[in-house]
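*Asks:* just to be clear, the model below is a prediction. Sequence and coordinates:
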Amino acid sequence: MSIESEEPGHGSSTASWTAVVIMLVAFAIGTTAFFFSIVWLVWASVALLIVGLLVGYGLAKAGYGVGGAKSAARGH
């Protein structure tokens, strides 16, 4: 049995929260647009979903991800 001294993190960072919020909004808009058969808005929400993914990746590379230079370490 191995006991690790440092926890790898649970994604609680500015980058992950920003990406998840953008993608949840995109999913909600896309679901509503699909229900009302608004095809262009469904595809716009798919684009917003991809934007959320890219924003999260960009923020993580900028140091706002878990263990990044600009993220504050928090104790549990």
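*Replies:* Perfect, thanks for sending it. Numbers count the residues shown, from 1 in each chain.
*Asks:* all helices for this protein, in order.
*Replies:* Along the chain, counting by DSSP state H, helices occupy 14-35, 39-59.
*Asks:* against which helices or strands is the shortest one packed?
*Replies:* Going back to what we said before, that points to helix 39-59. Secondary structure elements in contact with helix 39-59, counted by 3 or more CB pairs under 8 Å, 6 or more residues apart in numbering; DSSP states H and E, are helix 14-35. (C-beta placed from N, C-alpha, C; glycine too.)
*Asks:* and the helix it packs on, what does it pack against?
*Replies:* With contacts defined as 3+ CB pairs under 8 Å, 6+ apart, the secondary structure elements packing on helix 14-35 are helix 39-59.
*Asks:* export the helices of the chain to CSV and tack on distance to Gly68 and mean neighbour count?
*Replies:* Formatted as CSV, those follow (distance: least, CB to CB, whole Å; neighbours: other CB atoms under 10 Å):
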stretch, distance to Gly68, mean neighbour count
helix 14-35, 7, 16
helix 39-59, 9, 15
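*Asks:* between those helices, which one is closest to Gly65.
*Replies:* Judged by CB to CB, the one of these that comes nearest to Gly65 is helix 14-35, at 4.4 Å.
*Asks:* and the residue nearest the centre of the protein?
*Replies:* Ala19 (2.2 Å; CA atoms, centre = their mean).
*Asks:* how close does that residue sit to Gly67?
*Replies:* 16 Å (CB to CB, to the nearest Å).
*Asks:* unless I'm mixing things up, Leu41 is touching Ile29, no?
*Replies:* Yes: under the criterion of CB atoms under 8 Å, Leu41 makes contact with Ile29 at 6.7 Å.
*Asks:* mean confidence for stretch 25-35?
*Replies:* Mean pLDDT, computed over stretch 25-35, is 98.
*Asks:* which residues does that stretch contact?
*Replies:* Residues outside stretch 25-35 that contact it (CB atoms under 8 Å, 6 or more residues apart in numbering): 39, 41-42, 44-46, 48-49, 51-52.
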